[in-house]
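A.B. asks: Let me see the structure of the following:
(one chain, ligands or ions: 1)
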Amino acid sequence: MTGPEPFGARLRRAMDERGPLCVGIDPHASLLAEWGLSDDVTGLERFSRTVVEAVADRVAVLKPQSAFFERFGSRGVAVLETTVREAREAGALVVMDAKRGDIGSTMAAYAESFLHRDAPLFSDALTVSPYLGYGSLSPAVALARETGTGLFVLALTSNPEGGEVQHAIRADGRTVGATVLGHLAVENAGEEPLGSFGAVVGATLGDLSSYDLDMGGPILAPGIGAQGATAADLPAVFGGAVRNVVPNVSRGVLRHGPDAVALRDAAERFAEEVRAAVASV
Ligand SMILES: O=c1ccn([C@@H]2O[C@H](COP(=O)(O)O)[C@@H](O)[C@H]2O)c(=O)[nH]1
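C.D. replies: From the prediction side, this is the model:
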């Protein structure tokens, strides 16, 4: 093989070896308070390091939510850099949840910020928004191919408001969300065992049988835990595509902190529930 191993192949292996689970690092102010931490950079740093030390050596994916770090300005971003580096060093893949999206020329700079090997925030994958037109993501697709990283493109989000955009029907009769999934199928064509260009599809959405979720790439599925979905819902929501689903749980795990053993146990319970749900299909 020439070049770095693609993200999709690395993710497939991590999911098979560690179980298909993504734990979110979302340092909400309310969680900092529950953990007895101050709502400042010191609290942020302690929170993030505790999560990384508790689970990064065992879960497939960690997903820091950039917003909760950006809240503290440049010092918060410095904590995010350390969090990403330490999580990767411990063996987890890192999906940066920054949901970037802009015109192509600016998108190129966003891609450099997260997917260039020399970037301080270099991550294994980045969440992006296709709602400036899927083609605006081309610079990120190109850089991800070059650096062996991946993208998770917002297709059908977990929040109830998403439907007004994503279920909207285009002139060709397809929904906007289905169109995004169609673009991803093209990106992933021929990639084995899994493409590097994933979709974000909420686990909260109920029956999605009208959508072709089998687009050759991974599906990042937020919504389990605090948003009300459960691992047992996954087969009904994702059907045969469930094998490629990486469910995300943030608050559902984090509320068990600050005790590292309790965090680890919670992550392992979710991973086991997901494994059982996938095996039932
Ligand atoms: O459709 C989406 C896309 C992203 N998210 C993000 O996932 C986590 C969910 O956190 P929970 O605490 O498990 O609810 C959070 O970072 C969201 O910004 C999403 O929920 N839905």
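
A.B. asks: for this protein, which spans come out with low pLDDT?
C.D. replies: 1 (pLDDT under 70).

A.B. asks: What values do phi and psi take at Q65?
C.D. replies: phi -90, psi 110 (degrees, to the nearest 10).

A.B. asks: number of nearby residues for E70?
C.D. replies: 13 (other Cβ atoms under 10 Å). Yep, even glycine has a C-beta here, placed from its N, CA and C like the rest.

A.B. asks: Check the gap between the closest residue to it other than its chain neighbours and the ligand for me.
C.D. replies: For E70, ignoring the flanking residues on the chain, the nearest one in space by Cβ to Cβ, 6 or more residues apart in numbering is G76 at 6.0 Å. Per Cβ to the nearest ligand atom, to the nearest Å, G76 is found 15 Å from the ligand.

A.B. asks: One more: A185?
C.D. replies: A185 is 20 Å from the ligand, by Cβ to the nearest ligand atom.

A.B. asks: For that residue, give me its contacts.
C.D. replies: Shown in contact with A185 (Cβ atoms under 8 Å, 6 or more residues apart in numbering): 212, 215-216.

A.B. asks: May I ask which helix or strand encompasses it?
C.D. replies: helix 176-188 (DSSP states H and E).

A.B. asks: burial count for S210?
C.D. replies: Around S210 there are 9 residues (other Cβ under 10 Å).

A.B. asks: Show me where this structure has its helices.
C.D. replies: For the chain, helices defined by DSSP state H occupy the ranges 7-18, 29-34, 41-55, 66-70, 73-89, 104-115, 138-147, 163-166, 176-188, 234-238, 251-254, 260-279.

A.B. asks: what residues does the stretch 51-200 of the chain put near the ligand?
C.D. replies: Counting by Cβ under 6 Å from any ligand atom, the stretch 51-200 of the chain comes close to the ligand at 65, 97, 157-159, 200.

A.B. asks: could you redo the last one with a cut-off of 8 Å?
C.D. replies: 63, 65, 67, 97, 99, 127, 154, 156-159, 162, 200 (Cβ under 8 Å from any ligand atom).

A.B. asks: Which one of the residues you listed is nearest to F270?
C.D. replies: Using Cβ to Cβ, K63 comes nearest to F270 of those, at 13.4 Å.

A.B. asks: Which strand residues bridge the residue lying closest to T230 once chain neighbours are set aside?
C.D. replies: Leaving aside its sequence neighbours, T230 sits nearest to I224 (Cβ to Cβ, 6+ apart; 6.3 Å). Taking DSSP bridges as the rule, I224 bridges to A229.

A.B. asks: Run a quick neighbour tally on I224.
C.D. replies: I224 - counted by other Cβ under 10 Å - has 29 other residues nearby.

A.B. asks: what does D97 give?
C.D. replies: 25.

A.B. asks: same check, this time on R145
C.D. replies: Counted with other Cβ under 10 Å, R145 comes out at 18.

A.B. asks: Let me know which of the helices of the chain is tucked in deepest.
C.D. replies: helix 251-254 (a mean of 23; mean count of other Cβ atoms under 10 Å).

A.B. asks: Tell me if I'm right that S138 and A111 touch.
C.D. replies: No. In this structure, S138 is not within contact of A111 by Cβ atoms under 8 Å, at 9.6 Å.

A.B. asks: Now for G173: which residues touch it?
C.D. replies: Counting by Cβ under 8 Å, 6+ apart, G173 has no contacts.

A.B. asks: Revised request: answer the last question for E273.
C.D. replies: Counting by Cβ under 8 Å, 6+ apart, E273 has contacts 230-232.

A.B. asks: give me that answer again for 6 Å
C.D. replies: Going by Cβ atoms under 6 Å, 6 or more residues apart in numbering, E273 touches A231.

A.B. asks: Distance of it relative to the ligand?
C.D. replies: In this view, E273 and the ligand are 14 Å apart by Cβ to the nearest ligand atom.
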